[in-house]
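Peer 1: Here is my input, please return the structure:
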Amino acid sequence: MLELRKIMLVFGLLLILQTAACVERFCRFTQSDPCYAALGHKLNLEMVDDSKHTLTIRKRINDNTQDDLICRVKNGTKNLNACDLYINRPEVRIHNGTVMINPVKREDSGSYRLRLNNPGGADTFIDLQVNVEAPVGSVNVSITCSSNQMRSVSCSSEGDQLLYSWTLNGDPLMDGNTSIQIEEEAEGEITCTVKNHISKRQKTVSTEDCSVTSSSPTTSNWVSQSSMLVIYLMTLFALLGGFHIYINTQVRKETRRSKPEDEEI
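Peer 2: Numbering: from 1, shown residues only. Prediction:
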């Protein structure tokens, strides 16, 4: 039993490490596509492999170079006396020409420009767009039965820029929606896959038979409706009884008032 627990613990640790590695991002200033970083995880931002020139990383703010934050890099490490971009951020390191941010924050998104200072000629500029997204969270799938011979399947998760896709027994269904409609006769396993630019998760559930639910009310609904009917009838009988007592009382009063006049006559 103890050995089994150890094996499960090791397997869990490996799974956690594997999940963490999936959201570690590697980007280069030389790439043409935007760089997508995982919020709260690690980003490795590789500069050009050049140790002969002084590099300057500039984060552009509202296209105003006077307000831009910069960080000068010499021999693959940042110059602490000239690095306003990552000031007071001990989690940011520059080593061997790579900017390592762990963890990534929302404010790390933006447009960056790398400048290669060339004393003997024109400087070289390279631009890179960095977008920070929250990874896909846990995926939840629920099936709701209705009375129109259809079933509504909903999928939900957390994260940024989420894209949804569906399959039934491996066959693709409608994409792009958080909920879909399937026929009552559909049987098997339905899978919802949620992804964005940095991670992907999915959840598979078995379809349920909704014939009883769609053809007749549930027991709880029947009991609730019966209780309401009993209360309504009891209230009606009480009102009728009270009205009957009130009429009898009024009749007796009128009878008593009319008796003395009859005796005088």
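Peer 1: mind checking the longest strand of this structure?
Peer 2: strand 124-133 (DSSP state E).
Peer 1: how about that strand: buried residues?
Peer 2: Ile126, Leu128, Val130, Val132, Glu133 (16 or more other C-beta atoms under 10 Å). To be clear about C-beta, it is placed using only N, CA and C from the backbone, and glycine gets the same treatment.
Peer 1: Partner strands of it, with direction?
Peer 2: In the sheet, strand 124-133 lines up against strand 35-38 (parallel), strand 110-117 (antiparallel) (DSSP bridges).
Peer 1: Extract the CA atoms of the first one and return them as CSV.
Peer 2: Taking Å, rounded to 0.1, in the frame of the first residue of the first chain, the C-alpha atoms of strand 35-38 are listed here in CSV:
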residue,chain,number,x,y,z
CYS,A,35,5.0,36.5,-28.9
TYR,A,36,2.3,35.0,-26.6
ALA,A,37,3.3,34.7,-22.9
ALA,A,38,1.4,32.8,-20.2
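Peer 1: So which residue is dead centre in the chain?
Peer 2: Closest to where the C-alpha atoms of the chain average out (C-alpha atoms, centre = their mean) is Glu158, at 1.6 Å.
Peer 1: picking that back up, of the strands paired with strand 124-133, flag the one that's most buried.
Peer 2: With neighbours defined as mean count of other C-beta atoms under 10 Å, those peak in mean count at strand 35-38, which reaches a mean of 22.
Peer 1: if I look at the closest residue in space to Gln149 that isn't next to it in sequence, how far off is Gly110?
Peer 2: Leaving aside its sequence neighbours, Gln149 sits nearest to Glu184 (C-beta to C-beta, 6 or more residues apart in numbering; 4.9 Å). Per C-beta to C-beta, to the nearest Å, Glu184 is found 50 Å from Gly110.
Peer 1: how much space between the residue nearest to Gln149 and Ser154?
Peer 2: Applying C-beta to C-beta to Glu184 and Ser154 gives a distance of 17 Å.
Peer 1: Who has more neighbours out of these two?
Peer 2: Glu184 (18 against 14; other C-beta atoms under 10 Å).
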